[in-house]
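Structure for the following, please:
(2 chains)
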Amino acid sequence: NAGVMQNPRHLVRRRGQEARLRCSPMKGHSHVYWYRQLPEEGLKFMVYLQKENIIDESGMPKERFSAEFPKEGPSILRIQQVVRGDSAAYFCASSPGQGPPEAFFGQGTRLTVV
Amino acid sequence: AQSVTQLDSQVPVFEEAPVELRCNYSSSVSVYLFWYVQYPNQGLQLLLKYLSGSTLVKGINGFEAEFNKSQTSFHLRKPSVHISDTAEYFCAVSAGAGKSTFGDGTTLTVKP
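Numbers count the residues shown, from 1 in each chain, chains lettered A, B, ... in the order given. This is a model prediction of the structure:
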């Protein structure tokens, strides 16, 4: 049973470009969470999605950031017109959605904006 | 809303010594509590979790934690650490389905 898969592991973008981060949850998991980790800081919640629904996006910046979890395929975190301050590690976690809220984390995507 | 405070940002300790990493939380509702470990350039690995029942929780790699509701604490302990325990440790709290709130982390450095 493969774990949570994130790709790419490392992503370099120039200022103004778009970044697309992908997350495939564990088999049987229908809930996905995205977190951002800035250098020397803890993880900050961004968004919680179920298939085709955004449940909680209270941690998402108001502009340039969007997330989706389509019926088929991975969850996508999209950052438009990236700026240097977007440089961070982005982690995805998944859970089955029933029972205790134990989430399993992927290895993360490390975004560097140059 | 929940919040988590990890009281020590860095904890240096010698190999085979005991260690305690402190975590306090605040919440207006009952919560679930977690400790994760993160090695350099890796994701988070669950060490242990408190969901209900016994307040002493045992996890992987010889770690354990005790839930203290009156003190709103969930401190992580290990009686004898190894060099390989050097990593970042995160305490997290969740009120149920949905997001978790993480502390800022404690860097454990085990010295020979």
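
Where does the prediction get shaky in the chain?
If you meant another chain, say so; for now it's chain A. Applying pLDDT under 70 to the predicted model, the residue ranges of chain A that meet it are A:1, A:98-101.

Oops, wrong one, chain B.
Low-confidence segments of chain B, defined by pLDDT under 70: B:97-98.

how about the residues of it near chain A?
Counting by Cβ under 8 Å from any Cβ of the partner chain, the residues of chain B close to chain A are B:6, B:32, B:34, B:36, B:41-46, B:49, B:51, B:90, B:92, B:94, B:96-105. Yep, even glycine has a C-beta here, placed from its N, CA and C like the rest.

how does it look with 6 Å?
B:32, B:43-44, B:51, B:90, B:94, B:96-99, B:102-105 (Cβ under 6 Å from any Cβ of the partner chain).

and these, which of them are in helices?
Per DSSP state H, helices hold no members of the residues of chain B next to chain A.

close enough to count as contact, residue A:42 and residue B:102?
Yes: taking Cβ atoms under 6 Å as the contact criterion, residue A:42 and residue B:102 are neighbours in contact, 4.3 Å apart.

Find the nearest non-adjacent residue to the residue sitting nearest the centre point of chain A, please.
Here the mean C-alpha position of chain A is nearest to the C-alpha of residue A:34 (Cα atoms, centre = their mean), at a distance of 3.6 Å. Counting by Cβ to Cβ, 6 or more residues apart in numbering or on different chains, residue A:34 lies nearest to residue A:46, which is 4.4 Å off, once chain neighbours are set aside.

wait, what's in contact with that neighbour?
Contacts of residue A:46 were listed using Cβ atoms under 6 Å, 6 or more residues apart in numbering or on different chains, and they are A:34, A:36, A:59-60.

And it, how close does it get to residue B:40?
The spacing between residue A:46 and residue B:40, counted by Cβ to Cβ, to the nearest Å, is 23 Å.

same check, this time on residue B:31
Residue B:31 sits 29 Å away from residue B:40, taking Cβ to Cβ as the criterion.

who's more crowded, the two?
When neighbours are counted by other Cβ atoms under 10 Å in any protein chain shown, residue B:31 and residue B:40 differ, and residue B:31 comes out ahead with 25 against 7.

Not including adjacent chain positions, what is the nearest residue to the more buried one?
Using Cβ to Cβ, 6+ apart and skipping residues adjacent in sequence, the residue nearest residue B:31 is residue B:93, 4.8 Å away.

quick one: which of the residues of chain B next to chain A has the most company?
Counting neighbours by other Cβ under 10 Å, residue B:44 leads those with 27 neighbours.

beta partners of the closest residue to residue B:59 other than its chain neighbours?
In space, residue B:59 comes closest to residue B:48 once its chain neighbours are excluded; the distance is 2.7 Å by Cβ to Cβ, 6+ apart. In this structure, residue B:48 has beta-bridge partners residue B:35, where bridges are defined by DSSP bridges.
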